[in-house]
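> Fold the following.
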Amino acid sequence: MKTFKLTVSTPDGNAFENEVLEICLRGTEGDFAIRADHIPFITATRSGKIRITDTEGDDRYGRVSEGILTVTKEKTTLLCMEFTLE
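Okay, the predicted model is just below:
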């Protein structure tokens with residue numbers, strides 16, 4: 001399965017930066033997932049759970065505050081105030 005670069009940035013700097021297979025989180029219209037080659041877009045996100053599937057196919061769960069998600073061909077960036085992984 002193809003990977004993409006995910007960066008999660010908070011006011012304290014980059015909290016996560018790695019190649020991943022998929023992320024799932026809550027948007028303003030409901031939950032959604034991003035995979036490699038997703039169409040470029042920008043959306044607001046809501047506070048809640050986030051699931052990140054790493055390159056080995058293992059899921060990592062965490063919590064994220066509301067923010068802005070930007071998807072481009074080169075990378076996906078989530079800007080938020082707080083981010084934690086379990």
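
> Could you double-check that residue 65 sits in contact with residue 81?
Yes - with contact defined as C-beta atoms under 8 Å, residue 65 reaches residue 81; the gap is 4.4 Å. Just so you know, the C-beta spots here come from the backbone N, C-alpha and C atoms, and that holds for glycine as well.

> Just the CA trace of the longest strand anywhere in the chain, in PDB.
Assignment by DSSP state E gives strand 13-27 as the longest strand of the chain. What follows is strand 13-27, C-alpha atoms only, in PDB (Å, rounded to 0.1, in the frame of the first residue of the first chain):
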ATOM      1  CA  GLY A  13       6.400  22.600  17.000                       C
ATOM      2  CA  ASN A  14       6.000  19.500  15.000                       C
ATOM      3  CA  ALA A  15       4.400  16.900  17.300                       C
ATOM      4  CA  PHE A  16       4.400  14.100  14.600                       C
ATOM      5  CA  GLU A  17       6.200  13.800  11.300                       C
ATOM      6  CA  ASN A  18       6.400  10.500   9.500                       C
ATOM      7  CA  GLU A  19       5.300   8.400   6.500                       C
ATOM      8  CA  VAL A  20       1.900   6.800   7.100                       C
ATOM      9  CA  LEU A  21      -0.700   4.700   5.300                       C
ATOM     10  CA  GLU A  22      -3.800   6.400   6.600                       C
ATOM     11  CA  ILE A  23      -5.200   8.900   9.100                       C
ATOM     12  CA  CYS A  24      -8.800   9.000  10.400                       C
ATOM     13  CA  LEU A  25     -10.200  12.000  12.300                       C
ATOM     14  CA  ARG A  26     -13.300  14.100  12.700                       C
ATOM     15  CA  GLY A  27     -14.200  16.900  10.400                       C
END
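
> now for that strand, which elements pack on it?
Applying 3 or more C-beta pairs under 8 Å, 6 or more residues apart in numbering; DSSP states H and E, we find strand 13-27 packed against strand 4-10, strand 30-35, strand 41-45, strand 48-54, strand 76-80, strand 83-85.
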